[in-house]
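Undergrad: coordinates only, sequence not included:
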């Protein structure tokens with residue numbers, strides 16, 4: 001190696017060492033962000049057991065209604081509870097490994113790509129959630145940007161990569177290892193600029209898609225509950241319909257205090273259940289589809305975010321007329337009302 005080439009290599013090493021030093025606060029914090037997810041679910045509490053309160057699969061269920069592009073994957077896992085438990089366990093272990101490796105700076109570059117991938121998954125699945133300040137979107141998009149920055153900088157002197165390079169100088173000279181761990185790599189300015197612009201474009205697109213944050217009107221689907229009603233029908237003596245909670249806070253349910261049927265022809269209410277009656281619905285009347293479950297509460301029917309269920313309610317002595325049209329009306333404790341035409345009377 002010529003003297004000029006050696007000097008150039010030393011200069012590049014100094015540049016990357018400085019860049020990694022500047023990125024150190026981000027590396028430590030983003031590493032803890034991911035490791036803490038593992039620690040909360042395994043070390044502090046048991047959130048991987050589907051039979052215990054706080055099961056992480058329920059949180060995953062909350063992502064479903066407005067996930068971007070990966071809804072079918074989420075739904076497939078939710079409809080296969082055993083597979084969901086395995087997926088949540090593997091995902092948690094991966095977050096723990098990635099987090100601790102980023103904190104100590106071991107294989108920093110490849111772990112930074114894992115950070116980017118995990119953050120991208122959070123962005124697509126949960127970027128629409130956040131009751132006060134777009135919480136999940138910010139976590140996702142900042143994770144993407146931080147992962148990209150750490151890939152460019154590497155771990156530097158204050159990392160396990162740096163310690164191992166000092167211990168094994170011959171191995172540290174292998175350029176392929178630099179791409180996996182840390183050290184000077186041939187990353188040209190156009191590549192950095194392209195990656196940065198792509199990250200910005202992703203931020204603008206997802207911010208607009210989820211929240212209308214680039215141009216109005218602004219919207220936040222995590223504020224007020226919304227329930228979608230489908231397949232409403234009268235079958236014999238039963239009123240049957242499917243409900244799906246698609247919006248609202250993930251930590252707070254919709255509380256139904258009324259289920260009624262309106263005769264559109266006469267204007268009369270022909271069936272009405274109040275909150276007390278709904279709180280006494282038998283288990284057999286509710287067929288839940290996902291992990292988050294519709295269930296009777298103390299004074300209402302509780303519908304968590306992402307829950308989907310078919311309800312079967314005995315009409316008792318109600319007389320239905322095939323020539324009349326009917327409308328199903330659901331009433332939330334907040335005063336919100338959702339309506340759906342009843343399709344068939346048989």
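TA: Received, thanks. The shown structure was predicted, so the numbers you read here are calculated from the model rather than taken from an experiment. Numbering: from 1, shown residues only.

Undergrad: so what are the domain limits for this structure?
TA: By the record's domain assignment, the chain is partitioned as 3-211, 226-345 (automatic domain parsing).

Undergrad: those: which one's closest to residue 220?
TA: Go through the domains of the chain one by one with Cβ to Cβ and the one that ends up closest to residue 220 is domain 3-211, at 6.4 Å. (Each C-beta comes from the backbone N, C-alpha and C, glycine too.)

Undergrad: what does stretch 194-201 contact?
TA: When contacts are taken as Cβ atoms under 8 Å, 6 or more residues apart in numbering, the neighbours of stretch 194-201 outside the stretch itself are 141, 144, 145, 148, 152.

Undergrad: what's the answer for stretch 316-325, then?
TA: For stretch 316-325, with Cβ under 8 Å, 6+ apart as the criterion, the contacting residues are 234, 237, 261, 263-266, 270-271, 326, 341-342, 345.

Undergrad: restricted to helices, list these.
TA: The helices, defined by DSSP state H, take in nothing from those.

Undergrad: can these go into JSON lines with extra columns for pLDDT and distance to residue 179?
TA: Listed next are the contacts of stretch 316-325 as JSON lines, based on pLDDT from 0 to 100; distance: Cβ to Cβ, whole Å:
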{"residue": "234", "pLDDT": "89", "distance to residue 179": "65"}
{"residue": "237", "pLDDT": "80", "distance to residue 179": "69"}
{"residue": "261", "pLDDT": "94", "distance to residue 179": "65"}
{"residue": "263", "pLDDT": "93", "distance to residue 179": "71"}
{"residue": "264", "pLDDT": "92", "distance to residue 179": "67"}
{"residue": "265", "pLDDT": "90", "distance to residue 179": "72"}
{"residue": "266", "pLDDT": "91", "distance to residue 179": "74"}
{"residue": "270", "pLDDT": "90", "distance to residue 179": "70"}
{"residue": "271", "pLDDT": "90", "distance to residue 179": "67"}
{"residue": "326", "pLDDT": "93", "distance to residue 179": "65"}
{"residue": "341", "pLDDT": "95", "distance to residue 179": "60"}
{"residue": "342", "pLDDT": "93", "distance to residue 179": "62"}
{"residue": "345", "pLDDT": "69", "distance to residue 179": "67"}
